[in-house]
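Chemist: Build the 3D model from these lines:
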Amino acid sequence: MSSLFALSNTHPHRDYPNQSVYVIEHHLPEAFTVGFFNPKVYITSGLEALDEKTVQIVVQHELAHLKARDPLFKTLFSLFSWCFPSPTRAALQQSYTALTEQIADVGATQYFDGLDVAQALINVARFQRQQRITNDNIFTSHFSNEQITQRIQTLLTPIPTTPKPLLIVTLFSFMAIALFTLSTVDSVHHLIETFFIH
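Modeler: Predicted coordinates:
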């Protein structure tokens, strides 16, 4: 990844001049978001060989990563996952990455149809496969690097949203149960003392 920055010229993308989107002049087809506190989206000129709609979908996907500050949280989660054994750590990191990619895919559906985003995933994956690109840097978020099949399935069969009144009732129920439990702890403690100590 660092070779892309070191060997290439970087300039703002002509269609997104005010949105922290930059083009790296490089033949490899890549798109990624990098940066902890001031993240930026980078796409390579090699990716612009794809059709314009696909590139726009890729940029919207990466902007979703930028808005969610995924590089920062992905790094923090990676550090947190070191508390677990190696197989568990790898599974946690893979699941987290898949989740952030799916959320960014859904973010792109605010501007494009889910079928178009799914087709863009296929187009970019096919294009990158022809170029034999792999990149699993924990500090970046990539467009079509992770679990394409699962991401496409999520786009084609979105999870139905829960109605807000149901969420509010559920939240208040949990709060009521927690308050009731906290208020009865002392009473239960005294009841146990009465029967077992006296």
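
Chemist: Poorly predicted segments of the protein, please.
Modeler: 1-8, 17, 132-146, 158-162, 182, 185, 188, 191, 198 (pLDDT under 70).

Chemist: ranges for the helices of it?
Modeler: Assigned by DSSP state H, the helices in the chain fall at 2-7, 52-68, 70-81, 86-108, 114-131, 148-156, 164-196.

Chemist: what about Ser173, neighbour count?
Modeler: 10 (other C-beta atoms under 10 Å). All C-beta atoms are positioned from the backbone trio N, CA, C, and that covers glycine.

Chemist: now Glu30
Modeler: Here the number of neighbours of Glu30 (other C-beta under 10 Å) works out to 24.

Chemist: same thing with Thr170?
Modeler: Thr170: 11 neighbours (other C-beta under 10 Å).

Chemist: Kindly report the same for Phe127.
Modeler: Using other C-beta under 10 Å, Phe127 has 17 neighbouring residues.

Chemist: Phi and psi next, for the nearest residue to it once chain neighbours are set aside.
Modeler: Leaving aside its sequence neighbours, Phe127 sits nearest to Pro29 (C-beta to C-beta, 6 or more residues apart in numbering; 5.4 Å). When read as degrees, to the nearest 10, the backbone of Pro29 gives phi -80, psi 110.

Chemist: right, and Pro29 touches Thr54 too?
Modeler: No - Pro29 is beyond contact range of Thr54, at 10.5 Å (criterion: C-beta atoms under 8 Å).

Chemist: Name the residues contacting each of those two.
Modeler: Residues touching both Pro29 and Thr54 by C-beta atoms under 8 Å, 6 or more residues apart in numbering: Val124.

Chemist: CA atoms only for stretch 31-44, dumped as CSV, please.
Modeler: The C-alpha trace of stretch 31-44 is given here as CSV (Å, rounded to 0.1, in the frame of the first residue of the first chain):
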residue,chain,number,x,y,z
ALA,A,31,-10.2,1.9,-3.8
PHE,A,32,-9.7,2.3,-0.1
THR,A,33,-10.3,4.6,2.9
VAL,A,34,-7.4,5.4,5.2
GLY,A,35,-6.8,7.7,8.1
PHE,A,36,-7.8,7.7,11.7
PHE,A,37,-9.0,11.2,12.6
ASN,A,38,-9.1,12.8,9.2
PRO,A,39,-9.9,9.8,6.9
LYS,A,40,-9.6,10.2,3.1
VAL,A,41,-10.8,8.1,0.2
TYR,A,42,-8.3,7.1,-2.5
ILE,A,43,-9.0,5.4,-5.8
THR,A,44,-6.4,4.6,-8.3
